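1. 3D model of this:
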Amino acid sequence: MATAPKQVDVVVVGAGLAGLVTTLELLERTDLRVMLLDRGQPDEVGGLAREAFGGMFMADTREQRFSRVRDSVELATEDWFRVAEFEDNDEWPRRWATEYVARARDEVGDWLKRYGVRFFPVVNWAERGVYGDGNSVPRFHLAWGTGLALVDAVWGAIQRHPGRARVDVRFGARVTKLRHRGGAVRGCQFSSDSGMTEVGADRIVIAAGGVGGNLEIVRREWPPELGKPPAEILMGSHYYADGAMHKEVARLGGNVTHLNRMWNYADAVRHPRPLRPLHGLKLIPPRSGLVLDPTGRRYGPIPLIPTFDAYYALQRMCEDPRGYYWMICNWKIARRELDVSGSQYNPSIREKRLVRFILSILLGKPTLVRHFVDHCPDFVTAKTLSDLGEKMAGVMNDGALDAELMASEVERYDSTIARGKPLFNDDQLRRIAQLRNWRGDRLRTCPFQLIVDEDAMPLIAIRMTVMARKSLGGIQTDLRSRVLRLDGEPIGGLYAVGEAAGFGGGGMHGKRSLEGTFLGGCVFSGRIAADAIASR
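-> A predicted model of the protein is given here:
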């Protein structure tokens, strides 16, 4: 039985980071009545952001200057545009990218600091590019407390706000229809445990995430340059990011663009303790490990080091229809270099335990490695290369692995290291040397470690595969976050923010990302939407 209609000023659909930022800014800047709707439960507030590592792409910051990194908006914009490869008709994505790079330091980083968020003083250097064509300098500002700290800061500010009574929060609420009349939105319909509810509002903000939680859409929109989608795709997105609101906006005439631009990862494994079907985890793989294709052949002529360029790693993996590759390392390498992206497996950062964090940098993460070796089906260990090959073959049982080829590739790499640093003639070793030049990586990168080493046993093989993660395309918006129709005119009262909007403009990243731009895009677009509503 339907409940009685309710009237508010603004409905925000989705309580992820973008929706929370929009709601907080509306509280700060207006006296409007807001209804915040989310399909999840109260302990899931913040969506995928609460599971994220918490990195932010920003340029010319105090943190960079503390690390003696010379950066500028001009350099960051040049890097962004080179990686994005915008097409001629990407007017709004290009304009959003320009605005984000220029304003992120002040309107994302400094704004979050007002609510108690702090960033590590040493900036991480993600996405350098295979040829140095990614981030020219370190720009990945890691939040102390991971993505969970961002969610707690914004959600906590909403809960403590003097105008909190003006926000009606409904969890377990699934929006099923947007009401539209006379070229403008008039409200929406949502279902919950109490039945179907109608709510009237002349401003609606779509903050419902992307499409990565719907593998049917991921496969249908799979980037053509990557060939056919692999048979196995793990789930790394939020399971409510299913594209339902994209479909509803399109029904009203909104322009949904570039869904075949997505940010999926190749360096993923099955979750040791899965919470949902196909639950995957993105690793930060060891740089000193050797990446081999399903047959056991090393990638070349450019060695594959996933942390340099995530999209390149995905391209190489997808060259083989089996859609996976192996990384061979050992306990010493894994303890020092293996990490997992996200809040769950970084408790010292998540819980802000400084001493434990420093110890993990100095001593590595043996407990993390042991957990994955014991519980993740994609990890196998052995004391010899021949035994390792047998176990690797058993994991897949597809007959692809040539154990002798795998062993010869490892032995050849080790023999190069054994000749001594003056005689190194391997591009992976040159890249490791470059990694160790940056102090943010020096302690987390082994100094040219042999793989077959009696003092570093056991050997470890990690099978990594594709994981769906983020949408780079989405609902097209102008620079006020207003949803645009196919003719370029806005739909009255309808806004889109965060991943639902391709983080702004329907795809401000273009075809590839420089990392750290997703959470920042949620904050940035949410603030812009609130500003537009407040100005109206």
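2. And the helices in the stretch 151-300 of the chain?
-> In the stretch 151-300 of the chain, the helices defined using DSSP state H, counting those that start in this stretch lie at 215-220, 244-251.
3. got it, and the stretch 401-536 of the chain?
-> Ranges of helices within the stretch 401-536 of the chain are 403-418, 427-435, 439-442, 518-535, based on DSSP H, counting those that start in this stretch.
4. Are there helices or strands packed against the last one, and which ones?
-> Based on contacts counted as 3 or more CB pairs under 8 Å, 6 or more residues apart in numbering; DSSP states H and E, the elements that helix 518-535 packs against are helix 17-29, strand 55-57, helix 91-104, helix 110-114, helix 146-160, strand 203-206, strand 490-496. All C-beta atoms are positioned from the backbone trio N, CA, C, and that covers glycine.
5. which of the helices of the stretch 401-536 of the chain is buried the deepest?
-> helix 518-535 (a mean of 25; mean count of other CB atoms under 10 Å).
6. Any idea how far that helix is from the middle of the chain?
-> Centre-to-centre, helix 518-535 and its host chain are 19 Å apart (CA atoms, centre = their mean, to the nearest Å).
7. Same list, the helices and strands packed on helix 518-535, but as a markdown table with mean pLDDT, mean neighbour count and distance to residue 369 please.
-> Listed next are these as a markdown table, based on pLDDT from 0 to 100; neighbours: other CB atoms under 10 Å; distance: least, CB to CB, whole Å:
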| stretch | mean pLDDT | mean neighbour count | distance to residue 369 |
| --- | --- | --- | --- |
| helix 17-29 | 98 | 26 | 30 |
| strand 55-57 | 96 | 27 | 22 |
| helix 91-104 | 98 | 22 | 35 |
| helix 110-114 | 98 | 16 | 32 |
| helix 146-160 | 98 | 20 | 20 |
| strand 203-206 | 98 | 29 | 41 |
| strand 490-496 | 98 | 24 | 41 |
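8. Nearest to residue 85, out of the helices of the stretch 401-536 of the chain?
-> Closest to residue 85 of the helices of the stretch 401-536 of the chain is helix 518-535 (CB to CB; 18.0 Å).
9. Now the closest one: average pLDDT?
-> The predicted model gives helix 518-535 an average pLDDT of 97.
10. Check stretch 419-428 too.
-> The model assigns stretch 419-428 a mean pLDDT of 92.
11. in that stretch, what counts as buried?
-> Going by neighbour count (16 or more other CB atoms under 10 Å), the buried part of stretch 419-428 is 424, 428.
12. One more: stretch 348-363?
-> 348, 349, 350, 357, 360.
13. ok, those vs residue 17, which is closest?
-> Nearest member of the buried residues of stretch 348-363 to residue 17, counting by CB to CB, is residue 350, at 15.8 Å.
14. which ones are touching that closest one?
-> Contacts here follow CB atoms under 8 Å, 6 or more residues apart in numbering; on that basis residue 350 touches 145, 146, 148, 149, 343, 344.
15. Distance check, the closest residue in space to the last one that isn't next to it in sequence against residue 235.
-> What sits nearest to residue 344 in space, not counting adjacent residues and going by CB to CB, 6 or more residues apart in numbering, is residue 51, at 6.6 Å. The spacing between residue 51 and residue 235, counted by CB to CB, to the nearest Å, is 12 Å.
16. returning to that earlier point: so which of the helices of the stretch 401-536 of the chain comes closest to residue 179?
-> Using CB to CB, the nearest of the helices of the stretch 401-536 of the chain to residue 179 is helix 518-535, at 17.8 Å.
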